[in-house]
Each structure stands twice: as C-alpha cells, then as structure tokens.
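# Test case, fold it:
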Amino acid sequence: MNNIENRGGRPKKEDIMGTRFEMRLSKVDKMLLDILSEKTGKSKSEIFRSGLQALYREEMDFER
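Predicted structure coming up:
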C-alpha cells in the first residue's frame, strides 16, 4: 500500500505548458473561435498556438 514508486495518476508530459495567458475577445472573435474549434475539433488553445506559429512563419519568412 505504501509503494511510493507507483503513484498512479496521469503520466508526465515532456512539453509542459506552464505559462497562462489571458485575453479579451470581442463577441465576433469569440464566435469565430467557437466555430473553428467545433469545425476542426481542436481546442481553443490549439487554435491560438497554430495561429501564432503561422504568423511567426509568415513574418520571419524574410530570413530565408
């Protein structure tokens, strides 16, 4: 019963996302986010990360 090595629970992730970011959205932006989330099956966080990465690639394209 006191087995410390096998604690159970969720396995640890390699890429821990420990930073929280809070923002305000207009009603239209929230609606767009909700539609994208439902259509793609992605979480709202995943959609924001994808958009951030796409914009970064677009803006940093001049370095190639």
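# Name the residues that touch the longest helix seen in the chain?
What stands out as the longest helix in the chain, according to DSSP state H, is helix 44-59. Residues outside helix 44-59 that contact it (Cβ atoms under 8 Å, 6 or more residues apart in numbering) are 33, 36-37, 40, 42. Heads up, the C-betas are built off the backbone N, CA and C, glycines and all.
# Count the residues that sit near Ile16.
7 (other Cβ atoms under 10 Å).
# Repeat that for Leu55.
Neighbourhood size, Leu55 [other Cβ under 10 Å]: 10.
# Put the alpha carbons of the helix or strand bottoming out on mean pLDDT in the chain into CSV.
Least confident helix or strand of the chain, by mean pLDDT, DSSP states H and E, is helix 44-59 with a mean of 94. Provided in CSV are the C-alpha atoms of helix 44-59 (Å, rounded to 0.1, in the frame of the first residue of the first chain):
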residue,chain,number,x,y,z
LYS,A,44,-9.2,26.9,-28.4
SER,A,45,-5.7,26.9,-27.1
GLU,A,46,-4.5,24.7,-30.0
ILE,A,47,-6.1,27.2,-32.5
PHE,A,48,-4.3,30.1,-30.9
ARG,A,49,-1.0,28.2,-30.9
SER,A,50,-1.5,27.3,-34.6
GLY,A,51,-2.3,30.9,-35.5
LEU,A,52,0.8,32.2,-33.6
GLN,A,53,3.1,29.7,-35.3
ALA,A,54,1.6,30.5,-38.8
LEU,A,55,2.1,34.3,-38.2
TYR,A,56,5.6,33.7,-36.9
ARG,A,57,6.5,31.7,-40.1
GLU,A,58,4.9,34.4,-42.3
GLU,A,59,6.7,37.3,-40.6
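# Figure out how far it is from the centre of its chain.
With Cα atoms, centre = their mean, to the nearest Å as the basis, helix 44-59 stands 9 Å off its chain's centre.
# Same check on stretch 40-53?
Distance of stretch 40-53 from the chain centroid (Cα atoms, centre = their mean) equals 6 Å.
# tell me which residues of that stretch are tucked away?
In terms of neighbour count (16 or more other Cβ atoms under 10 Å), stretch 40-53 has no buried residues at all.
# Over to stretch 53-64?
Using 16+ other Cβ under 10 Å as the test for burial, stretch 53-64 gives no buried residues.
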